[in-house]
Structure formats: structure tokens, C-alpha cells
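*Asks:* Got a predicted structure here, sequence first:
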Amino acid sequence: MPQPLPSAAQPQARLYYGWLVVAAGFAVTFVGFGCAYSFSAFIEALQHDFDATRGSVSLVFALAGFLYFGFGMISGPLADRWGARRLAVLGMLLTAAGLAAAGMAQSLTQVYLAYGLGVGLGVGCAYVPAMGTVQRWFVRRRGFASGLAVSGIGVGTLVMPPLVSLLIPLMGWRGAYLVLAAIAVVVGAGMSLLIEDSPQQRGLQPDGDAAPESAASDAHFPQPAPAAHRAATARPADATGATIRDALRSRPFIALYAAGLFSSFGLFVPFVHLVPYAQDHGIAQPVAVLLMGAIGVGSTAGRFFLGGVADRLGRRPALLAMLMGMALALLIWLASTSMWALLIFALLFGLFYGGYVALLPALVMDEFGGRNISGLIGILYTSVAFGNLIGPSAAGYAYDLTHSYAVPILASAACNLLAVLILARLSRRGP
């Protein structure tokens with residue numbers, strides 16, 4: 001009488017598990033960056049309650065951004081060693097704790113500590129491990145999958161600022177922070193439990209491809225695994241690629257790092273100052289907050305569609321085009337004073353920003369392989385951390401001095417153009 005096949009030989013489920021890992025990455029970015037980028041909706045209330053300048057309030061966001069990009073240098077290698085799931089869950093819980101503590105702060109200094117440490121370290125703990133893991137599950141559709149995962153940033157930017165704008169009149173800015181904390185626990189930490197480090201840990205192949213015939217045969221007649229093999233498979237199975245030391249000394253990594261550094265000086269200025277800029281030009285706060293939603297719409301489109309286009313046309317030239325697009329969009333902002341003009345800027349900036357963020361992790365995987373992917377992404381994001389620390393707060397203090405955003409916007413566009421020139425050297429290299 002024929003015996004049923006072992007479970008390892010049963011047909012695979014139609015849904016490739018990699019897409020659940022992508023969904024978990026989407027949730028991490030939705031919660032982490034949605035909460036972070038809703039900060040512009042809190043600026044007016046924080047200025048009023050703590051009698052603070054725009055520059056000092058902007059420093060809250062800058063400190064958090066410095067930590068959540070800079071901490072990736074630590075969380076990335078830890079994820080390569082210990083697994084991404086536990087880092088992502090811990091990060092979302094830290095984010096929730098920081099938001100709740102910010103809602104109970106009695107001074108701006110306490111907001112610095114609560115929001116900066118909680119949200120900064122929380123997002124930093126979860127983001128890089130989640131994005132690094134997504135890269136291992138895909139090869140042919142890596143750009144699309146990476147774009148889909150980070151499209152949570154765009155959707156979070158679309159949803160969270162208008163939500164906060166509705167919550168603040170109902171329950172005050174403190175109550176709004178508590179609601180965001182609850183979302184971080186339920187959505188962020190809950191979905192992070194779906195993360196797994198590599199397809200091989202589930203007996204799968206990247207992109208859902210069938211396992212090699214020899215591997216399938218071995219599944220029917222498994223042999224006891226040597227201790228060394230068991231230790232090796234406890235970590236992500238994609239061990240090909242550059243060491244961290246070799247990658248850091250390579251020209252491609254240096255070019256990517258320098259381009260990321262200069263670009264990020266202007267990259268985050270709109271996320272803090274676009275709403276106050278619109279209010280300065282007579283646009284009411286509830287309407288001005290919709291501009292952040294427009295950045296989210298453009299960003300979602302950029303992450304969702306441009307990642308797939310780059311898979312076909314080449315990820316290096318596509319990343320170059322994203323930086324150029326952000327520079328041109330910032331120049332449009334300089335000339336915009338009406339709601340419609342600012343809406344056009346927000347959509348275009350979001351589109352190119354979304355494409356840039358979607359392509360960067362995939363390009364790191366292309367260049368250096370998966371052996372230390374989370375660690376390399378984390379180190380690369382320290383460049384963004386320094387730009388985030390300096391850019392938004394410098395723009396706020398420049399406004400306090402000149403009562404104009406002209407200089408910060410021009411400087412932001414110039415920094416993106418400089419990043420284009422730097423990255424163009426990488427694009428001229430061979431494969």
C-alpha cells in the first residue's frame with residue numbers, strides 16, 4: 001500500500017512566505033516612519049506649550065532621526081548574528097514606550113529624551129534588520145519586494161499626519177502620542193513576529209523557486225546533520241558576498257556613503273518644515289498637514305512602481321535619477337506659495353524620495369551580496385543619520401534668524417545635486 005510522501009515533499013503553499021516577510025517589513029516601516037513623520041503635526045502644539053523656537057522643536061525630530069538611522073550600524077550586525085525577528089519586535093516595543101513617554105513629558109528636554117531615545121532607538125532597532133531580511137528572500141524581484149516593504153513609509157506618511165491632526169483637537173497632543181504608542185504595539189510588534197531570516201530556514205529558495213533536485217532528494221532520506229552544519233544553518237543561509245571590511249574599503253561603498261550623506265542634509269527638511277512653511281503662507285494647519293499625506297502618496301507610488309522598473313532598467317542608474325528628481329522637486333518648493341503648487345511639489349518629492357529609499361537596500365545587496373547585508377545597510381545608514389541630525393534643525397535655526405526658508409531649501413537642492421555627481425562615478429563602473 002503506497003505511503004504518503006513526507007511533509008518535506010508535499011507541494012508548497014501557493015503563497016510564498018517571502019511575501020509575508022515583506023508584509024512584516026511594510027508594518028515596521030509604516031509604524032516607525034509614520035509615527036516619526038507625523039512630527040510636523042505636533043510642532044505648533046509643542047512650540048505653544050513649551051514656549052519654544054522652531055529650531056529647538058525641530059531638534060526633537062533631528063535627534064530621533066540621528067538615532068534611528070545611526071543605530072542601524074549596531075542593529076544590522078546583531079540581526080545577522082541573532083536573527084531579525086527579535087530585533088524588530090524589540091524595536092517596535094521601544095518605539096511604543098518612547099511615544100507614550102513623550103505624551104507624558106513636562107518639558108521639552110523630556111520630549112528630547114522620550115521621543116529621541118524611544119522612537120530613535122526603536123525604529124533604529126527594527127528598520128535595518130527588517131529591510132536586510134527582505135533582500136535575502138528575493139533575487140529577480142528584489143527591487144519590487146524591497147519597494148513594497150518600504151512603501152510602508154509612504155503609506156505611514158499618508159495616514160499618520162492626518163490622523164494626528166484629527167486626534168490633537170479631540171484629545172490633545174499628549175493623547176495623540178498615546179494612540180500612536182498603541183498602534184506601535186499592535187501593528188508594529190505584532191506583524192514583526194512574521195519575520196524569518198532566510199528562505200532556506202523554511203526549506204525554500206529565493207523568489208519561491210523550486211529547490212534543487214538533490215536537495216529535494218535529500219528531504220526524502222534525511223541524514224543526521226553534523227554539529228558544524230547545524231551551527232551554520234542557525235544563521236541566514238546566504239553566506240556569499242563581501243566581508244564588512246572589504247566592502248567598507250571599496251569604491252562603490254564609499255560612493256554610496258558619500259552620496260547618502262550629502263543627500264540626507266536636505267532629504268528630511270520637508271518632513272519637518274513643509275507644514276510650518278505652508279502655515280507661514282496662510283494655509284490653515286489642518287489643510288497644510290495634507291501636504292504630508294501628499295508626500296506619502298507620491299512616496300508609495302515611487303516605492304511600489306519604481307522598484308519594479310529599476311529591476312528591468314538597472315538599479316544604479318535608477319538611483320541616480322531619484323537623487324536628481326529630488327533636487328529638481330526642491331527647486332519647485334522654493335518657488336511655491338499656494339496650496340496647489342505645494343501639492344505638486346509634495347507629490348513629486350515623495351515619488352523620487354520613495355524610489356530612492358526602495359532602491360538603496362537592493363543596490364547594496366547587488367554590490368556586496370547577502371553575507372553581511374543587514375550590517376552593511378546599517379553602516380550605510382549612518383551617513384543618513386548625520387544628515388538627518390544636521391539638516392532639519394539647521395533649517396529651523398536658519399528660519400529663526402532670517403524668517404525665511406529660502407536658504408535651507410536652496411542648500412537642500414544643492415546637496416542633492418552634489419550627491420548626483422558623487423553617485424555618477426559609481427554608475428560608470430562596470431558590473
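*Replies:* On my side now, so go ahead. Keep in mind it's a predicted model, so treat the numbers as computed, not measured. Numbering: from 1, shown residues only.

*Asks:* Now stretch 118-135: buried residues?
*Replies:* Taking 16 or more other Cβ atoms under 10 Å as the neighbour-count basis, stretch 118-135 is seen to contain the buried residues 118-135. In short, each C-beta sits where N, CA and C put it, glycine included.

*Asks:* in what helix or strand does Ala247 lie?
*Replies:* Of the helices and strands defined by DSSP states H and E, Ala247 is found in helix 244-248.

*Asks:* and that helix, what other elements does it pack with?
*Replies:* helix 373-402 (3 or more Cβ pairs under 8 Å, 6 or more residues apart in numbering; DSSP states H and E).

*Asks:* Only the buried residues of the helix it packs on, if you could.
*Replies:* Buried-residue list, helix 373-402, by 16+ other Cβ under 10 Å: 373-399.

*Asks:* ok, Tyr112 - contacts?
*Replies:* When the contact criterion is Cβ atoms under 8 Å, 6 or more residues apart in numbering, the partners of Tyr112 are 59-60, 63.

*Asks:* from what I can see Thr133 touches Leu194, true?
*Replies:* No: using Cβ atoms under 8 Å, Thr133 makes no contact with Leu194, being 10.4 Å away.

*Asks:* which residues sit against stretch 394-401?
*Replies:* Applying Cβ under 8 Å, 6+ apart, the external contacts of stretch 394-401 come out as 53-59, 269, 272-273, 276, 405, 407-408, 412.

*Asks:* how far out from the middle of the chain is it?
*Replies:* Distance, stretch centre to chain centre, for stretch 394-401: 26 Å (Cα atoms, centre = their mean, to the nearest Å).

*Asks:* Alpha carbons of that stretch, as PDB, please.
*Replies:* Extracted as PDB, the C-alpha positions of stretch 394-401 are listed here (Å, rounded to 0.1, in the frame of the first residue of the first chain):
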ATOM      1  CA  ALA A 394      19.800  73.800  10.800                       C
ATOM      2  CA  ALA A 395      16.800  74.700   8.600                       C
ATOM      3  CA  GLY A 396      14.800  75.600  11.700                       C
ATOM      4  CA  TYR A 397      17.500  77.800  13.200                       C
ATOM      5  CA  ALA A 398      18.100  79.400   9.800                       C
ATOM      6  CA  TYR A 399      14.400  80.300   9.800                       C
ATOM      7  CA  ASP A 400      14.600  81.700  13.300                       C
ATOM      8  CA  LEU A 401      17.400  84.000  12.100                       C
END
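
*Asks:* how about the nearest residue to Gly83 once chain neighbours are set aside, secondary structure?
*Replies:* Nearest in space to Gly83, with sequence neighbours left out and distances taken as Cβ to Cβ, 6 or more residues apart in numbering, is Asp197 at 5.4 Å. Taking DSSP: H, G, I helix; E, B strand; the rest coil as the rule, one finds Asp197 in the coil state.

*Asks:* For burial, what's the neighbour tally of Asp197?
*Replies:* In terms of burial, Asp197 registers 25 neighbours under the definition other Cβ atoms under 10 Å.

*Asks:* and Met104, how many neighbours does it have?
*Replies:* Neighbouring residues of Met104 were enumerated by other Cβ under 10 Å; the total is 11.

*Asks:* Give the buried residues for the helix holding Ala247.
*Replies:* 244, 247.

*Asks:* Which strands or helices does the host helix or strand of Ala341 pack on?
*Replies:* In the assignment (DSSP H and E), Ala341 maps to helix 339-368. Under the contact criterion of 3+ Cβ pairs under 8 Å, 6+ apart, the helices and strands touching helix 339-368 comprise helix 120-136, helix 142-183, helix 251-267, helix 269-280, helix 290-301, helix 307-313, helix 315-334, helix 373-402.

*Asks:* Lowest average pLDDT across those?
*Replies:* Lowest mean pLDDT of the helices and strands packed on helix 339-368: helix 307-313, a mean of 70.

*Asks:* where does the nearest residue to Pro270 once chain neighbours are set aside land on pLDDT?
*Replies:* Counting by Cβ to Cβ, 6+ apart, Phe349 is the residue found nearest to Pro270 once chain neighbours are left out, at 6.1 Å. In the predicted model, Phe349 carries a pLDDT score of 94.

*Asks:* Surely Phe349 touches Gly298?
*Replies:* Yes: using Cβ under 8 Å, Phe349 is in contact with Gly298, at 6.7 Å.

*Asks:* which one is Ala413 nearest to, not counting chain neighbours?
*Replies:* Distances taken as Cβ to Cβ, 6+ apart place Leu330 nearest to Ala413, at 4.0 Å, with adjacent residues excluded.

*Asks:* In contact with that neighbour, which residues are there?
*Replies:* Going by Cβ under 8 Å, 6+ apart, Leu330 touches 266, 270, 349, 409, 412-413, 416.

*Asks:* again with Ala96
*Replies:* 118, 122, 181-182, 184-185, 188-189.

*Asks:* Once you drop chain neighbours, what's closest to it?
*Replies:* For Ala96, the spatially nearest residue (Cβ to Cβ, 6+ apart) is Ala184, at 3.8 Å.

*Asks:* Around that neighbour, how many other residues sit close by?
*Replies:* Summarising burial for Ala184: neighbours were counted as other Cβ under 10 Å, giving 31.

*Asks:* same thing with Ala79?
*Replies:* Taking other Cβ under 10 Å as the criterion, the count of residues near Ala79 is 31.

*Asks:* same question, His403
*Replies:* His403, neighbours per other Cβ under 10 Å, totals 8.

*Asks:* do Gln106 as well
*Replies:* By other Cβ under 10 Å, the residues close to Gln106 number 9.

*Asks:* Can you tell me the SS state at it?
*Replies:* Secondary structure assignment for Gln106 (three-state DSSP): coil.

*Asks:* what's the distance between it and Ser264?
*Replies:* Summarising the geometry, the distance separating Gln106 from Ser264, computed by Cβ to Cβ, to the nearest Å, is 32 Å.

*Asks:* now do Leu376
*Replies:* Here the criterion is Cβ to Cβ. By it, Leu376 lies 17 Å from Ser264.

*Asks:* Just name the closest of the contacts of Leu330 to Gly355, please.
*Replies:* Distances from Gly355 to those, taken as Cβ to Cβ, are shortest for Phe349 (11.1 Å).

*Asks:* quick one, what contacts that closest one?
*Replies:* When the contact criterion is Cβ under 8 Å, 6+ apart, the partners of Phe349 are 270, 295, 298, 326, 329-330, 333.
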